[in-house]
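Participant: give me a 3D structure for the following:
(2 chains)
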Amino acid sequence: MKDIAALLREHPFARELGDDIVTLIAGCARNAIFQKGDYLFREGAPADHFYLIRDGAVALETFAPGCGAVAFLTVKAGEILGADWLVAPYRSSFDARAVELTRAIAFDGKCLRGKCEADHHVGYEMMKRFIPPLVQRLRLARLQSLDA
Amino acid sequence: MSGPVSINVAAPRADPMAPRFLTVRRRIRESADVATLYIALDDADAQKFACRPGQFNMLYAFGVGEIPVSVSGDPALLDRVTHTIRAVGAVSSALVKLRPGDTIGLRGPFGGSWPLEDAAGSDMLVIAGGIGLVPLRPVIYHLLRRRADYGRVSLLCGARTLDDLLFRKELDAWRRTPDFQLRVTLDRADRRWAGDVGYVTNLLPKARVDLAETVAMICGPEVMIRATAQALEDIGVAPTRIFVSLERNMKCAIGLCGHCQFGPHFLCKDGPVYCYDRVRDFLAIREL
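Facilitator: Now for the predicted structure:
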């Protein structure tokens, strides 16, 4: 059975990430499995974790009165789920619901923030991995809003 | 694909400004604001309105006006011409309300077509945003009929919501077709939908094609076309292998009136299908 560092190395997030950093951040990570319909986090709840999706898909949703739950993005294998752990007050902005059996690596946000504070090189490597998908999602969200 | 890919431009017609009066045979409601009209053609009209994927006709709602509408049906079915129309203005709203037995004015077909013959041998990546699936549907009919002539075929569709997704029964059938990949994404979804949610470019990493050997055909809102073509370039598809269908205010449809001028091009005559490398710079000019 692979340990968490080995699972992490298989994910695109760890591409070009040194073994020392992989080993270091693996200490904040655990393996996680979600059944279809399980929530990974709920809107308004503490954003304690983020996830690297290994298999499956997760819908980001919000609740709109009269419409029910409205999904606006699915996050799939190879992608990162959750950014609210990065920014105070560390509160989840949306619901995240597994739309199929989903395997992920779950990171303890507080643990990883501590390691980033302690070693800014680690923090910079994390930023390099979070900023591109965030910018891309912001860009695409703007395009989606034009379709309304 | 051997040699350059070129757009097939229609030959001038003898009577391009004279509409034919034809009968709506069948009407299908596709969504709240979109309907498909099946217009019957006799043998003489079948020759007159024979078209290629990507071409359009001018549709005339009597007393209201005339608009260009892409052919959405199978060009091989010569006993009808099929148009799918979204009600956005006075003329399109009048056309969408037509019923079986009503008369409609048609002239065409006009414009160039998707370069399907030149693309033979290539992988095909067809990308549609919303109503942009309409001019691409004849492409899919062609690819399915001539499946052996092409490599891998992938259709990526984006729609605002599940209720806005066009041709759903047909999409379901295509999804079950061997050697044909279909991925659909919605801008927003309720619990009826378990598929992808997000912008159509999110589907590009899922396309099962060899990007170096792919010819891409894109149609949708112009913002979507620009974003998608740029995303394709970013992942290695050459601009000379990307084709787009553009839209402007077409009136005469024969390059006389100038309403549809787009830089040095008249979209009605030179387009609406273009190789992306010919129009990329013009798409960045807002004044056009």
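
Participant: for stretch A:97-117, measure first residue to last.
Facilitator: End-to-end distance for stretch A:97-117, by C-alpha to C-alpha, to the nearest Å: 30 Å.

Participant: buried sites along it?
Facilitator: Within stretch A:97-117, the residues scored as buried using 16 or more other C-beta atoms under 10 Å in any protein chain shown are A:97-100, A:102-109, A:112-113, A:115-116. Where you see a C-beta, it was placed from the backbone N, CA and C, and this is true even at glycine.

Participant: then stretch B:151-168?
Facilitator: Buried, per 16+ other C-beta under 10 Å, within stretch B:151-168: B:151-162, B:164-167.

Participant: between those residues, which sits nearest chain A?
Facilitator: Taking C-beta to the nearest C-beta as the measure, chain A sits nearest to B:Arg160 out of the buried residues of stretch B:151-168, at 5.1 Å.

Participant: what does that closest one show for phi and psi?
Facilitator: Backbone torsions of B:Arg160, given as degrees, to the nearest 10, read phi -70, psi -50.

Participant: my read: it touches B:Gly130, true?
Facilitator: Yes: between B:Arg160 and B:Gly130 there is a contact under C-beta atoms under 8 Å: 6.6 Å.

Participant: shared neighbours, those two?
Facilitator: Residues touching both B:Arg160 and B:Gly130 (C-beta atoms under 8 Å, 6 or more residues apart in numbering or on different chains): A:Asp147.

Participant: how about the residues of the stretch 101-250 of chain B near chain A?
Facilitator: Residues of the stretch 101-250 of chain B lying close to chain A (C-beta under 8 Å from any C-beta of the partner chain) are B:129-130, B:158, B:160, B:185-191, B:193-199, B:201-202, B:221, B:223-224, B:227.

Participant: just checking, what packs against the strand or helix carrying B:Ala216?
Facilitator: Assigned by DSSP states H and E, B:Ala216 belongs to strand B:214-219. In terms of contacts (3 or more C-beta pairs under 8 Å, 6 or more residues apart in numbering or on different chains; DSSP states H and E), strand B:214-219 is packed against strand B:123-129, helix B:133-145, helix B:222-234, strand B:242-245.

Participant: what lines up beside that strand in the sheet?
Facilitator: Its sheet considered, strand B:214-219 pairs with strand B:123-129 (parallel), strand B:242-245 (parallel) by DSSP bridges.

Participant: list the contacts of it.
Facilitator: Applying C-beta under 8 Å, 6+ apart, the contact partners of strand B:214-219 are B:1, B:5, B:114-115, B:119, B:122-129, B:132-136, B:139, B:224-225, B:228-229, B:232, B:237, B:241-245, B:276.

Participant: and that strand with helix B:133-145, angle?
Facilitator: 150 degrees (axes from the mean of the first three to the mean of the last three C-alpha atoms, to 10 degrees).
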